[in-house]
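below are the sequence and a predicted model; questions follow.
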Amino acid sequence: MVNTGRPSMDCLPCRRRKLRCDLKPESCGQCRRANISCHGYRNVKDLAFRDQTRVARQKVVARQGYAYQLITFPSPMLDLNLDVEARCRDTFFLLYVTGLSRSCSSLPPLYNQATISKHLAYSVNAVSLAFSAVQFDSRELISTAFNRYSAAIGNLRQSLCEPNVFIGDEILQSILLLDLFEKLAAPSLGMPGPSMTHIRGAMSIIESRGKLNFASALSTQIARNILSHFIISCGITKTSILESQVAVWKDLSGLIIDSKWDYMGILVDIVNLRAMLTKGIMVDDSKMNGRVFDIKCRLEYLADSLERSCGPVVVLLGDWQALDGEYDVYPNHFTMQLHNAVRMMRLEMEGLIRDRCHEQNGDAINKIAKQICRSVTHCIMPQARSENSEPFTPMQKLECRILMAPLYQAAQLTTDNCVQEWIWRILEYMAAKGNMRIAGDVLDLSKKRLDIDYWTIWAMAGCYATAA
């Protein structure tokens, strides 16, 4: 058993502010004096002790470098039996849920309950199979994954049709997993584009739930995940985010304070800007350009803040895999990914400024492109860290898959031929040594200089579903 102490019975605002709560259900004295909403009292279920031994063991193993070497794809079988399905599920939890991701913390406590709903079990199995199919480039798992996906939808529909149904955290988590399945499996199934069905439904539910989104830390985390995925989905499909949906972000902002959430707030404005440009909505050029420059300034401020709080350490290395003889080492992969996400949006704004305002901003673009390039070496070079190898480990392949969109965008926008050629060489290396077909596909698209948006590459590589 893993015991982290007795859970506090205080309301959520008092727990966050580390104040003593008088536990009055209608509104405690601390919240009344601060003139804020009093919510988040824990129920009996939240206060119950649960056996977290298996989850804790998975987290320990996931943080040991050699564990990544031990994860191998289930050997091909004519009959994809339960054993293979279980191994795919363990791989999904080990590599992603308790390994790379920080946004899946809501899944283990729901999945490890004594009684788990069928729709959640089927959803986990479907996503696990799709994750392994993408991770290990196996088409034979897709058909089985799709069967589990169909079963999950059937069970979820049945649960939603029950009289007086309460749409709780389990149902929302299942919907979120079904959306992840579609984002993972869409390229393999040849779907024309990302589907918004599941994530739009989940978004409408959290809009209608109101204060129930803050009933517990778990509910808040699920609401955050749904909103984040919805914003990215709108960015891929160039769809506007409505005011009622922005209001949910504002409500959650009162409880969530971190750099990634600040980034998501800027991303809302970027997504709406993209939707306006795509639809050709008539807006005065000076106002549109003003919005672009405003977003650019906010992104620069966030980038500077990230550099000060969790910036990388520069390592000098005389090797072709290190651009200009140096590369960056970040505190963790999540931090590196957040830095690169901000850089991608900065490149998009710089590209708009160059095209719309005809500014000579090549130096700024090249500087950002080089920062993206310097983040790659640590993930691929065997000498950079003990976990790296040739061929790539499963964790390396997962980390490199998330680098596809930033590298593609940097290669498309840079005016420095040396940077572009270095990116092409790195993608070729990933395809050969990492056995990553997606790297070869991105390389071909980049060399053809097609007018393909980097958001499309993000969706094609399944980065939406495998991001930290």
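Yep, it's here.

please confirm that Asp328 is located within a strand.
Yes: using DSSP: H, G, I helix; E, B strand; the rest coil, the assignment for Asp328 is a strand.

need phi/psi at the closest residue to it other than its chain neighbours.
Nearest residue to Asp328, sequence neighbours excluded (Cβ to Cβ, 6 or more residues apart in numbering): Pro312, at 3.5 Å. Heads up, the C-betas are built off the backbone N, CA and C, glycines and all. Pro312 has phi and psi values of phi -80, psi 160 when expressed as degrees, to the nearest 10.

from Leu445, how far out is Pro312?
In this view, Pro312 and Leu445 are 28 Å apart by Cβ to Cβ, to the nearest Å.

what's the answer for Ala223, then?
Per Cβ to Cβ, Ala223 is found 36 Å from Leu445.

quick one, which of these two is more surrounded?
Between Ala223 and Leu445, counted using other Cβ atoms under 10 Å, the more crowded position is Ala223 (29 against 17).

how far off centre is the helix or strand harbouring the more buried one?
Using DSSP states H and E, Ala223 falls within helix 217-237. Centroid displacement of helix 217-237 relative to its chain, using Cα atoms, centre = their mean, to the nearest Å, is 9 Å.

what helices and strands are in contact with it?
helix 169-189, helix 197-209, helix 243-253, helix 259-279, helix 454-460, helix 463-466 (3 or more Cβ pairs under 8 Å, 6 or more residues apart in numbering; DSSP states H and E).

and the angle for it with helix 197-209?
Taking axes from the mean of the first three to the mean of the last three Cα atoms, to 10 degrees, one finds helix 217-237 and helix 197-209 inclined to each other by 130 degrees.

could you check the angle helix 217-237 makes with helix 169-189?
Using the same axes, to 10 degrees: helix 217-237 against helix 169-189 is 30 degrees.

can I get helix 217-237 as PDB, trimmed to CA atoms?
The C-alpha trace of helix 217-237 is given here as PDB (Å, rounded to 0.1, in the frame of the first residue of the first chain):
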ATOM      1  CA  ALA A 217      -9.500  17.600  -8.000                       C
ATOM      2  CA  LEU A 218     -10.200  14.700 -10.300                       C
ATOM      3  CA  SER A 219     -13.200  16.500 -11.900                       C
ATOM      4  CA  THR A 220     -11.200  19.600 -12.400                       C
ATOM      5  CA  GLN A 221      -8.400  17.700 -14.000                       C
ATOM      6  CA  ILE A 222     -10.800  16.000 -16.400                       C
ATOM      7  CA  ALA A 223     -12.400  19.300 -17.300                       C
ATOM      8  CA  ARG A 224      -8.900  20.800 -18.000                       C
ATOM      9  CA  ASN A 225      -8.000  17.800 -20.200                       C
ATOM     10  CA  ILE A 226     -11.200  18.100 -22.200                       C
ATOM     11  CA  LEU A 227     -10.900  21.800 -22.700                       C
ATOM     12  CA  SER A 228      -7.200  21.500 -23.800                       C
ATOM     13  CA  HIS A 229      -8.000  18.800 -26.300                       C
ATOM     14  CA  PHE A 230     -10.900  20.800 -27.600                       C
ATOM     15  CA  ILE A 231      -8.800  23.900 -28.200                       C
ATOM     16  CA  ILE A 232      -6.200  21.800 -30.100                       C
ATOM     17  CA  SER A 233      -8.900  20.100 -32.100                       C
ATOM     18  CA  CYS A 234     -10.300  23.500 -33.100                       C
ATOM     19  CA  GLY A 235      -6.900  24.500 -34.100                       C
ATOM     20  CA  ILE A 236      -6.500  21.500 -36.400                       C
ATOM     21  CA  THR A 237      -9.900  22.000 -38.000                       C
END
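
what's the burial count for the closest residue to Thr335 other than its chain neighbours?
Among residues not flanking Thr335 along the chain, Cys310 sits closest, at 4.9 Å (Cβ to Cβ, 6+ apart). Other residues near Cys310 come to 16 when the count uses other Cβ under 10 Å.

check Glu26 too.
6.

over to the one 5 residues further on?
Residues contacting Cys31 under the criterion other Cβ under 10 Å number 21.

show me what the helix or strand where it lies is packed against.
Assigned by DSSP H and E, Cys31 belongs to helix 29-34. Under the contact criterion of 3+ Cβ pairs under 8 Å, 6+ apart, helix 29-34 touches helix 12-17.

per-residue confidence averaged over stretch 151-160?
Across stretch 151-160, pLDDT averages out at 88.

just the buried positions in that stretch, please.
Within stretch 151-160, the residues that qualify as buried are 151-153, 155-156, 159, counting by 16 or more other Cβ atoms under 10 Å.

could you list the low-pLDDT ranges of the stretch 251-400 of the chain?
282 (pLDDT under 70).

show me where it has helices.
Secondary structure of the stretch 251-400 of the chain (DSSP state H, counting those that start in this stretch): helices at 259-279, 285-310, 333-357, 362-374, 377-380, 394-401.

chain center to the last one, what's the gap?
By that I understand helix 394-401. Mean-position distance between helix 394-401 and its chain equals 14 Å (Cα atoms, centre = their mean).

okay, and Cys104 sits in which element?
Using DSSP H and E, Cys104 falls outside every helix and strand.

ramachandran angles for it?
Per degrees, to the nearest 10, the backbone of Cys104 is at phi -110, psi 20.

surely it touches Val97?
Yes: under the criterion of Cβ atoms under 8 Å, Cys104 makes contact with Val97 at 4.4 Å.

the two - which one has more neighbours?
More neighbours surround Val97 than the other of Cys104 and Val97, with 24 against 21 (other Cβ under 10 Å).

that one and Pro108, how far apart?
Distance, Val97 to Pro108, by Cβ to Cβ: 7 Å.

what's the domain layout of this protein?
As assigned by the TED database, the chain contains the domains 1-53, 87-256, 273-467.

dump the residue contacts of the closest residue to Asp416 other than its chain neighbours.
Take Asp416 and drop its neighbours on the chain: the residue closest to it by Cβ to Cβ, 6+ apart is Asn366, 4.8 Å away. Contacts for Asn366 (Cβ atoms under 8 Å, 6 or more residues apart in numbering) come out as 414-416, 419.

so how far is Leu227 from Asn366?
Asn366 is 34 Å from Leu227, where distance means Cβ to Cβ.

hmm, back to that, need the contacts of Asn366 in JSON lines (columns: pLDDT, secondary structure and neighbour count).
Listed next are those as JSON lines, based on pLDDT from 0 to 100; DSSP: H, G, I helix; E, B strand; the rest coil; neighbours: other Cβ atoms under 10 Å:
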{"residue": "Thr414", "pLDDT": "93", "secondary structure": "coil", "neighbour count": "23"}
{"residue": "Thr415", "pLDDT": "93", "secondary structure": "coil", "neighbour count": "14"}
{"residue": "Asp416", "pLDDT": "93", "secondary structure": "coil", "neighbour count": "16"}
{"residue": "Val419", "pLDDT": "95", "secondary structure": "helix", "neighbour count": "21"}
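
now, the most widely separated pair of those?
Farthest pair in those (Cβ to Cβ) is Thr415 and Val419. Separation: 8.7 Å.
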